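Asker: predicted coordinates and the sequence they were generated for:
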Amino acid sequence: MKKAMKLFLCMLCILMLPGLLFSAGQREREAESVTFFHYFSGTLAGGIEELVTEFNRDNPEYALSHTPLDHEAFKTSIRVMLSGGNPPDLFSYWAGAQVQFLVDADRLEPIDAVFDEYNLDDLFSDAVLQGTEYNGQKYFLPLTQHFVAFFYNKEVFANAGVVPPTTWDEFLDVCEALKNHGVNPIALGSRERWPAQFWLDYPLLRTAGPEYRAKLMAGDASYTDPEVVKAFEIWKHLVDRGYFAPNANAYDWAEAAAMVGTGDSAMTLMGTWFMQLDDQIGWESGADYDFFPFPVIDPSVPNVAVGPIDGVVLARDSRMKDAAQKVLGELAAVGPQTTFNRGSGALAPNKLVSDDVYNVLQLKVKDYLEGVPNWAFNYDLATPPPVADVGLDAFSRFMDNPAHLMQILRDTEEGKIRGLQVTDM
């Protein structure tokens with residue numbers, strides 16, 4: 001009798017197996033494929049692999065396929081795909097003028113419905129939300145919030161007998177002491193242009209203030225204005241004093257960071273993605289290195305923090321809009337935002353992400369930003385892209401020939417005027 005029962009059950013399983021396999025295959029086929037192109041690659045990869053793996057595991061009704069592109073190549077290739085009408089469904093982008101440019105060119109799909117369905121306005125801080133809305137509609141789903149500050153080698157500072165400065169005079173004293181100690185005070189790797197932009201951002205914000213800078217970014221002020229000249233002269237003083245490691249345009253940002261790691265240079269002005277290099281450099285955040293905010297130059301000027309907010313946008317020509325919007329809603333959740341930002345060095349835009357996922361420096365950054373009243377996107381994210389390219393070129397030229405400052409600024413102003421006339425991608 002038992003043998004007969006076992007035989008019956010075996011036969012039943014065999015008969016059911018095709019149906020089970022068909023059902024599983026049908027579910028697999030019904031998974032909606034969504035394409036996602038992004039610039040989280042190389043030294044800026046963060047936790048993207050973990051994010052996509054965990055997303056697909058936890059959301060089997062979707063098949064999110066991601067394609068990483070070189071950070072610099074991405075800027076051109078995504079516009080080519082958008083112009084050709086064959087973009088990915090989703091792609092990473094930077095909040096601010098970069099998204100605004102694509103919205104004005106009618107290349108992006110609004111995602112107000114995603115914000116409504118998932119109550120996203122309640123999840124993000126005011127600083128983050130300012131980068132989600134353009135022309136009165138939502139277009140941008142934030143993934144990371146980075147902050148730009150000075151990252152410094154603690155042992156080098158200690159050996160030179162200096163401590164992190166809070167004022168500009170103190171900063172100059174620190175640079176002089178480090179130089180006298182035989183160390184390059186500042187490493188800058190501006191080969192890809194964008195790392196130099198922070199050296200205009202902060203001196204301008206610390207002297208002319210956020211309102212004037214916003215006018216300059218919008219094209220309503222001139223690069224030959226006294227305010228801009230003063231900011232560049234602050235930068236130029238550091239170059240003339242020999243405080244920068246030589247040949248900045250020969251290195252990228254990660255190579256400059258490695259100079260800080262080896263102790264050849266003492267510090268670098270960079271974003272919190274700096275922390276992604278811990279394993280590569282072989283040191284520990286908070287123990288071997290730390291950060292300090294850009295020092296105060298004029299105490300009467302309001303404090304401003306600078307940094308990018310990375311996120312995801314939906315292409316107007318997406319072939320899977322409904323599924324892509326569902327993916328966006330899920331990417332805003334605590335799980336994906338925790339996974340991605342644990343490895344990125346950034347803060348998660350979702351306010352519900354636990355502090356337990358952050359390292360000691362991320363917690364220090366979070367604490368600092370909570371006391372800063374103003375947030376500004378860095379230069380190339382606050383300026384229309386055709387103008388930003390002109391400015392980024394100017395920063396590289398300046399590092400090569402600081403004595404040509406005024407001619408560089410006049411050329412930049414002329415380039416800005418031409419750039420503001422560009423409306424086509």
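Answerer: Okay, I see it. Numbers count the residues shown, from 1 in each chain.

Asker: could you pull out the strands in the protein for me?
Answerer: Assigned by DSSP state E, the strands in the chain fall at 32-38, 62-68, 90-94, 133-134, 137-138, 141-145, 148-153, 184-186, 265-271, 289-292, 304-306, 309-314, 374-376.

Asker: turn the ones you listed into JSON lines, including mean pLDDT.
Answerer: Shown next, in JSON lines, are the strands of the chain (pLDDT from 0 to 100):
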{"stretch": "strand 32-38", "mean pLDDT": "95"}
{"stretch": "strand 62-68", "mean pLDDT": "94"}
{"stretch": "strand 90-94", "mean pLDDT": "97"}
{"stretch": "strand 133-134", "mean pLDDT": "97"}
{"stretch": "strand 137-138", "mean pLDDT": "98"}
{"stretch": "strand 141-145", "mean pLDDT": "96"}
{"stretch": "strand 148-153", "mean pLDDT": "98"}
{"stretch": "strand 184-186", "mean pLDDT": "98"}
{"stretch": "strand 265-271", "mean pLDDT": "98"}
{"stretch": "strand 289-292", "mean pLDDT": "98"}
{"stretch": "strand 304-306", "mean pLDDT": "97"}
{"stretch": "strand 309-314", "mean pLDDT": "97"}
{"stretch": "strand 374-376", "mean pLDDT": "95"}
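
Asker: export those strands to CSV and tack on distance to residue 237 and mean neighbour count?
Answerer: In short, each C-beta sits where N, CA and C put it, glycine included. Formatted as CSV, the strands of the chain follow (distance: least, CB to CB, whole Å; neighbours: other CB atoms under 10 Å):
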stretch, distance to residue 237, mean neighbour count
strand 32-38, 39, 20
strand 62-68, 40, 17
strand 90-94, 30, 24
strand 133-134, 38, 19
strand 137-138, 43, 16
strand 141-145, 31, 26
strand 148-153, 17, 24
strand 184-186, 12, 24
strand 265-271, 15, 26
strand 289-292, 20, 22
strand 304-306, 20, 22
strand 309-314, 31, 26
strand 374-376, 23, 19
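
Asker: looking at those, which is closest to residue 354?
Answerer: strand 141-145 (15.8 Å; CB to CB).

Asker: returning to what we had before: can I get the strands of the chain in TSV with distance to residue 166?
Answerer: What follows is the strands of the chain, written out as TSV (distance: least, CB to CB, whole Å):
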stretch	distance to residue 166
strand 32-38	37
strand 62-68	39
strand 90-94	30
strand 133-134	35
strand 137-138	38
strand 141-145	23
strand 148-153	11
strand 184-186	17
strand 265-271	14
strand 289-292	8
strand 304-306	15
strand 309-314	26
strand 374-376	18
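
Asker: out of those strands, nearest to residue 281?
Answerer: Using CB to CB, the strands of the chain put strand 289-292 closest to residue 281, at 8.5 Å.

Asker: low-confidence ranges, this protein, go.
Answerer: 1-29, 423-425 (pLDDT under 70).

Asker: 80 instead, please
Answerer: Along the chain, the parts satisfying pLDDT under 80 run over 1-30, 43, 46, 343, 423-425.

Asker: got a list of what residue 175 touches?
Answerer: 185-186, 238, 241, 243 (CB atoms under 8 Å, 6 or more residues apart in numbering).

Asker: now the two most distant members of these.
Answerer: Using CB to CB, the pair of the contacts of residue 175 lying farthest apart is 186 and 241, separated by 10.2 Å.

Asker: hang on, the earlier thing: which one among the contacts of residue 175 gets closest to residue 88?
Answerer: Lowest distance from residue 88 to these (CB to CB) belongs to residue 186, with 38.4 Å.
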